[in-house]
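S.K.: A predicted structure for the sequence below; I have some questions about it.
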Amino acid sequence: MDIEDQWVVLLREGISIAFYMRPPHELMASAVWRALERYRQAISPRQLGWYVDYSGDWQPLDSEGEAVIRQRLLAPSALVELIERPDSVTGIAFKYQGRSKAAAGFEIEDRENSCALEFHLPVEFLDERGPEWIRSLAIDLGRELPWNSGHTGLSLELGSWPKTLTPRLHEATRRYPGFDLNRLNTLALYLGTKLRPPAWLTFLGPPVLNELGGTEGLRSRLHSPSTQVEALSPDRAVVSLGPVPEAGDLEAGDTLPAYRELSRVLEPWLYAHKGAWGDFTEAEVRQWERRFL
């Protein structure tokens, strides 16, 4: 997009690693900090350079900014967004919304609140570092986190969502089902223990994995030759849908059958968003969420 004679990238293809956690932030603040540090080591020599202050403005992540972020992450609740550059999306970003046990509504029975964490990687890393490197990093980032679910795969990274981008997003999400479109702030409020649609790597923990009969019960329901189910602990597993993430192409007949099989197995637990999502109407969101069914 051309803004005041400067080209600004508001939308790009990338890779998203996301985890959703039911425990309140204060119980896992240190683990989130360690995951951020692990991510920063992994993306080197690329680096996070800016953060969003509480006024919504970008500030440099200098020594003063580092102190601010550490203070935020180790507080009872946290809202943190870090990026590589403030003027364009680059594929390097960290986003976290951690809700405190003291937050209004957190202790309500059948509550929907959760803590949501997302790491972004440039899509070029698939060629430069390889899919196995990305898979190992995703598992490592989630190792200490008490996640209930998560996913890693191709995504569309948005710097902002002006209405001029909506036609392109419609086209991309309708034709290429393997691309995710994440709205972390919304998911932190409403996802709870429900699941996002399947991705290249789908992380499953309590309570859903238990209700599926554990790792063996889940494995027995999946028959695609490209699908692998790996136990990460007694109550957590990761499902890998092939050796590399795939976008699919419905116009070319590439419907991602392994993703569809997993989606059918997980359908009773899939999240159904209420209301609009960015500039998509509720009906458009529902169609997109059910793209594998």
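M.R.: That came through fine. Numbering: from 1, shown residues only.
S.K.: all strands for the stretch 151-293 of the chain, in order.
M.R.: Across the stretch 151-293 of the chain, reading from the start of the chain, the strands by DSSP state E, counting those that start in this stretch fall at 201-204, 227-233, 236-241.
S.K.: List the strands paired with the first one, with their directions.
M.R.: Strand 201-204 sits in its sheet next to strand 149-158 (antiparallel), strand 236-241 (antiparallel), going by DSSP bridges.
S.K.: Distance check, Gly65 against Ser30.
M.R.: In this structure, Gly65 lies at 20 Å from Ser30, with C-beta to C-beta, to the nearest Å as the measure. Any C-beta I mention is one placed from the backbone N, CA and C, and that applies to glycine too.
S.K.: Give the residue from these two that has the larger number of neighbours.
M.R.: Ranked by neighbour count (other C-beta atoms under 10 Å), Gly65 and Ser30 place Gly65 first, with 17 against 11.
S.K.: I'd like the next helix or strand past whichever strand or helix holds that one.
M.R.: Secondary structure from DSSP states H and E places Gly65 in helix 63-73. Under the assignment DSSP H and E, the closest C-terminal helix or strand after helix 63-73 is strand 78-83.
S.K.: returning to that earlier point: out of the strands of the stretch 151-293 of the chain, deepest packed?
M.R.: Neighbour counts (mean count of other C-beta atoms under 10 Å) averaged over each of the strands of the stretch 151-293 of the chain peak at strand 201-204, with a mean of 25.
S.K.: residues making contact with that one?
M.R.: Outside of strand 201-204, the residues within contact range by C-beta atoms under 8 Å, 6 or more residues apart in numbering are 19, 135, 138, 142, 147, 149-153, 195, 212, 218, 232, 236-241, 262, 266.
S.K.: centre of the chain versus it, how much separation?
M.R.: 11 Å (C-alpha atoms, centre = their mean, to the nearest Å).
S.K.: per-residue confidence averaged over it?
M.R.: Looking at strand 201-204 alone, the average pLDDT works out to 98.
S.K.: Convert that strand to CSV, retaining C-alpha atoms only.
M.R.: This file holds the C-alpha atoms of strand 201-204, laid out as CSV (Å, rounded to 0.1, in the frame of the first residue of the first chain):
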residue,chain,number,x,y,z
LEU,A,201,0.7,-28.8,13.4
THR,A,202,-2.3,-29.1,15.8
PHE,A,203,-1.6,-29.2,19.5
LEU,A,204,-4.2,-30.9,21.6
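S.K.: What ranges does this protein have for its helices?
M.R.: For the chain, applying DSSP state H gives helices covering 29-43, 63-73, 125-128, 131-141, 166-175, 184-190, 208-211, 214-219, 257-266, 282-289.
S.K.: Would you single out the least confident of the ones you listed?
M.R.: Of all those, mean pLDDT reaches its minimum on helix 184-190 (a mean of 75).
S.K.: I'd like the distance from that one to the chain centre, please.
M.R.: The gap between the average C-alpha position of helix 184-190 and the chain average comes to 11 Å, counting by C-alpha atoms, centre = their mean.
S.K.: Under the pLDDT cut-off, which ranges of the stretch 1-150 of the chain? List them.
M.R.: Along the stretch 1-150 of the chain, segments meeting pLDDT under 70 span 1-9, 102-111.
S.K.: Try it again at 80.
M.R.: In the prediction, the stretch 1-150 of the chain carries residues with pLDDT under 80 at positions 1-11, 101-112.
S.K.: ok, now how distant is Leu270 from Arg290?
M.R.: Distance of Leu270 to Arg290, given as C-beta to C-beta: 8 Å.
S.K.: who's more crowded, these two?
M.R.: Here Leu270 and Arg290 are compared on neighbour count by other C-beta under 10 Å; more neighbours surround Leu270, at 16 against 13.
S.K.: What about the nearest residue to the more buried one once chain neighbours are set aside, how many residues nearby?
M.R.: Ranked by C-beta to C-beta, 6 or more residues apart in numbering and with sequence neighbours excluded, the top spatial neighbour of Leu270 is Leu195, at 5.4 Å. With neighbours defined by other C-beta under 10 Å, the count for Leu195 comes to 23.
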